[in-house]
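Engineer: Below: sequence and its predicted model.
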Protein chains: 2
Amino acid sequence: MPGAAPIAAARPSDDGPLGILCGSGVTPAAVADVVVKNGRPVMLFPFKGFADPSEVARFPHEWIALGQFGRFKRLAQQRGCRDFIWVGGLVRPRISQLRFDLGTVLMLPDLIKAFRGGDNHMLTTLGAFFERHGFRILAVREVAPQMLAPDGVMTARAPSDEDRADIEKGLDLIATISRFDVGQGAIVARNHVLAIEGIEGTDGMLRHAAALRDAGRIRSGDKTGVLVKMPKRGQDLRFDLPTIGPDTVAGVAAAGFGGIAVAAGQTIVVDIGRVIAEADRAGLFVVGVKAREPGTAGS
Amino acid sequence: MPGAAPIAAARPSDDGPLGILCGSGVTPAAVADVVVKNGRPVMLFPFKGFADPSEVARFPHEWIALGQFGRFKRLAQQRGCRDFIWVGGLVRPRISQLRFDLGTVLMLPDLIKAFRGGDNHMLTTLGAFFERHGFRILAVREVAPQMLAPDGVMTARAPSDEDRADIEKGLDLIATISRFDVGQGAIVARNHVLAIEGIEGTDGMLRHAAALRDAGRIRSGDKTGVLVKMPKRGQDLRFDLPTIGPDTVAGVAAAGFGGIAVAAGQTIVVDIGRVIAEADRAGLFVVGVKAREPGTAGS
């Protein structure tokens, strides 16, 4: 709860509100709630066309467009925001759809470079761009550590030895494809890789898996198979952390898999209480595991 | 056209009909047509629950079930089949769904091993099982070489330099994930990996991509993006070669991508005349490229 002295001048300050750059997904409001609970006021900067208006309505916010860096910089300084976190993804926009203001046009070569390659590459380049203008991008760990997945089994059900082997395979796979800057998720069932997450996202992959299960294309038994989520190796952990929430549990249950494994400390869990309660009700496990490098055998 | 002497005894012979073990997909009939055109009679052994009855109706055939190895061995000897090719996939059955006859029960430990791991592992293990009983598994290259993708551009349109870079990235990706025994396909658009093929198969991946394009989730321009298909590295090329056909062209066109690249000599092209004609009509390229090992830069 603020109670802090009013900010003396309208200029960037470590004590100012935490700016939250909001992409798509339901994470921004959940993170903002925790930051406020931890005692720091927030100021949201949702991206037009990406952030969900209902997510930001409860908080002070200013809409910005990708490309309106001049406007963003002016607003951030007026609001006294120097520190930011970046929450939610930016589904790749088409460069021709961006509206550029004067503050951005000067940076076009950098931005165009940012749009070649995967999402991680794009976000890291945008982050460096913010930092060159005196803003700091913090990690979720620094402002809302309790949103990150804990280590170990969170549910009544624990993964079996076979589930553990599937989890290891999924972690190894995600680590191995990291340099292609593609998925942060995979589904492995009884030593068989069923799906690797692409631009459809985790929910899309799970919906697709449920349809394949209905069509008889997934024949491993009910409650076998694990959704594994881990950030890409080498990824800047200030951007686009893998995220799960109650919807993820519902998707895993609908597709008939047995549980979820996430990289402990490197995955956002939205509403962990409901995640655990709904996983328990569905008879699924949720476990935080150690992130790993590619190709190393064992746990 | 046979004209050959009738087979003296009903026992396995190099000169007997070529046995075709038929899994799912439209490939078996297309391959059988070419083998017959090349002068060797065929005898199809479609797997119940996998092969399409309309695919095998035009040819002499005997239905077999996975697990009925005793029945298969007797039929193959009666028909004088010693040489086989394996065409089409076997979507992983649940072990409990198999019906075992006496000839198979003795081999159960081997079969159970075959069902752990990816499809490639399963097929290779089944192949070794056939060979231990005196049958030979040939490669498509040995009996129907004209079904394999040629090297070079097949269509009026050729891939651009940007398309070539996307193709290289896709080949590198497929090579890199080979040890996970998962997809033989990926979609790459302007240096961005959009999808990696899992158990949904190529057609499923393309349908999914078309839906994502409709939903605005794929924002790269129309006619950008390449479907890349290549066998896993280290894969036994007698089994489950990547396959494209007119349906693949239709799927790529529907999803708004620019073309298809396949590993020359290691990909089956069903009805290449129609593939080229329909790709030309849709303004797509189809190109056969050199398969490659992981992580080697350049072409």
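Structural biologist: Thanks, I have it. Residues are numbered from 1 along each chain as shown, chains lettered A, B, ... in the order given.

Engineer: Please name the residues that touch the closest residue to A:Leu75 other than its chain neighbours.
Structural biologist: Distances taken as CB to CB, 6 or more residues apart in numbering or on different chains put A:Glu62 closest to A:Leu75, at 4.9 Å, once the chain neighbours are dropped. All C-beta atoms are positioned from the backbone trio N, CA, C, and that covers glycine. By CB atoms under 8 Å, 6 or more residues apart in numbering or on different chains, the contact list for A:Glu62 reads A:43-45, A:75, A:79.

Engineer: What ranges does the stretch 1-150 of chain A have for its strands?
Structural biologist: A:18-22, A:42-46, A:83-87, A:136-137 (DSSP state E, counting those that start in this stretch).

Engineer: that older thread, for the residue nearest to A:Leu75, give its distance to chain B.
Structural biologist: The gap separating A:Glu62 from chain B is 24 Å, by CB to the nearest CB, to the nearest Å.

Engineer: Sketch out the low-pLDDT regions of chain A for me.
Structural biologist: For chain A, applying pLDDT under 70 flags the ranges A:1-14, A:90-123, A:295-299.

Engineer: which residues of it fall in helices?
Structural biologist: With helices called from DSSP state H, chain A shows them at A:27-37, A:53-56, A:69-78, A:102-105, A:108-114, A:119-131, A:140-143, A:161-176, A:201-214, A:246-254, A:272-282.

Engineer: got the residues of the stretch 101-250 of chain A near chain B?
Structural biologist: A:116-118, A:169, A:172-173, A:176-177, A:179-183, A:187, A:190-196, A:198-200, A:204, A:208, A:212, A:216-221 (CB under 8 Å from any CB of the partner chain).

Engineer: Separate out the buried members of those.
Structural biologist: Buried members of those, scored by 16 or more other CB atoms under 10 Å in any protein chain shown, are A:117-118, A:169, A:172-173, A:176-177, A:179-183, A:187, A:190-196, A:198-200, A:204, A:208, A:212, A:217-220.

Engineer: Out of those residues, which sit inside strands?
Structural biologist: Of these, the ones assigned to strands by DSSP state E are A:187, A:192-196.

Engineer: Check whether A:Ala263 really touches A:Val289, as I assumed.
Structural biologist: Yes - using CB atoms under 8 Å, A:Ala263 is in contact with A:Val289, at 6.7 Å.

Engineer: Identify the contacts common to those two.
Structural biologist: With CB under 8 Å, 6+ apart, A:Ala263 and A:Val289 have common neighbours A:Leu171.

Engineer: Can I get the strands of the stretch 1-150 of chain A in a markdown table including mean neighbour count?
Structural biologist: Below are these laid out as a markdown table (neighbours: other CB atoms under 10 Å in any protein chain shown):
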| stretch | mean neighbour count |
| --- | --- |
| strand A:18-22 | 26 |
| strand A:42-46 | 23 |
| strand A:83-87 | 24 |
| strand A:136-137 | 18 |
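
Engineer: okay, these in TSV with distance to A:Arg164 next?
Structural biologist: Formatted as TSV, the strands of the stretch 1-150 of chain A follow (distance: least, CB to CB, whole Å):
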stretch	distance to A:Arg164
strand A:18-22	36
strand A:42-46	39
strand A:83-87	31
strand A:136-137	35
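
Engineer: Quick one: closest of those to B:Ile20.
Structural biologist: strand A:83-87 (55.2 Å; CB to CB).

Engineer: what angle separates that closest one from strand A:18-22?
Structural biologist: 30 degrees (axes from the mean of the first three to the mean of the last three CA atoms, to 10 degrees).

Engineer: Give me the residues contacting strand A:83-87.
Structural biologist: With CB under 8 Å, 6+ apart, strand A:83-87 has contacts from A:14, A:16, A:18-23, A:25, A:27-28, A:31, A:35, A:45, A:123, A:127, A:130, A:135-140, A:143, A:238-240.

Engineer: do that again at 6 Å, thanks
Structural biologist: If you take CB atoms under 6 Å, 6 or more residues apart in numbering or on different chains as the criterion, strand A:83-87 is touched by A:18-22, A:27-28, A:31, A:135-138, A:140, A:239.

Engineer: ditto for stretch A:217-237
Structural biologist: Counting by CB under 6 Å, 6+ apart, A:120, A:124, A:139, A:163, A:166-167, A:170-171, A:174-175, A:178, A:184-190, A:212, A:242, A:252, A:256-263, A:266-267, A:291, B:91-94 sit against stretch A:217-237.

Engineer: Straight-line length of that stretch, end to end?
Structural biologist: 36 Å (CA to CA, to the nearest Å).

Engineer: Centre of the chain to that stretch, how far?
Structural biologist: 15 Å (CA atoms, centre = their mean, to the nearest Å).

Engineer: With stretch A:269-286 instead?
Structural biologist: 18 Å.

Engineer: in it, what's buried?
Structural biologist: A:269-272, A:275-276, A:278-280, A:282, A:284-286.

Engineer: Stretch A:178-197: how far from the chain's middle?
Structural biologist: 17 Å.

Engineer: Extract the C-alpha trace of it and format it as CSV.
Structural biologist: Extracted C-alpha coordinates of stretch A:178-197, given in CSV (Å, rounded to 0.1, in the frame of the first residue of the first chain):
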residue,chain,number,x,y,z
SER,A,178,16.2,-23.3,-28.1
ARG,A,179,18.5,-21.9,-30.8
PHE,A,180,15.6,-22.0,-33.3
ASP,A,181,13.7,-19.6,-31.0
VAL,A,182,10.5,-21.5,-31.3
GLY,A,183,8.4,-23.3,-28.6
GLN,A,184,8.7,-23.3,-24.8
GLY,A,185,6.4,-26.3,-24.6
ALA,A,186,6.1,-29.9,-25.6
ILE,A,187,3.9,-32.9,-24.9
VAL,A,188,5.6,-36.2,-24.2
ALA,A,189,3.7,-39.5,-23.5
ARG,A,190,5.4,-42.7,-22.6
ASN,A,191,8.7,-41.7,-24.2
HIS,A,192,7.0,-40.5,-27.4
VAL,A,193,7.0,-36.8,-28.3
LEU,A,194,3.4,-35.9,-29.4
ALA,A,195,3.7,-32.2,-30.0
ILE,A,196,6.1,-29.3,-29.9
GLU,A,197,4.6,-25.9,-29.3
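
Engineer: What lies in contact with it?
Structural biologist: Outside stretch A:178-197, the residues that reach it (CB under 6 Å, 6+ apart) are A:117-118, A:120-121, A:166, A:169-170, A:173-174, A:198, A:202, A:205, A:209, A:220, A:224-229, A:231-234, A:242, B:116-118, B:173, B:180, B:182, B:193, B:196, B:198-199.

Engineer: Distance of A:Leu227 relative to A:Phe257?
Structural biologist: Distance, A:Leu227 to A:Phe257, by CB to CB, to the nearest Å: 6 Å.

Engineer: what about those two, which has more around it?
Structural biologist: Applying other CB atoms under 10 Å in any protein chain shown to A:Leu227 and A:Phe257 shows that A:Leu227 carries more neighbours, namely 32 against 28.

Engineer: partner residues bridging the more buried one?
Structural biologist: Under DSSP bridges, the beta-bridge partners of A:Leu227 are A:Ile187, A:Ile260.
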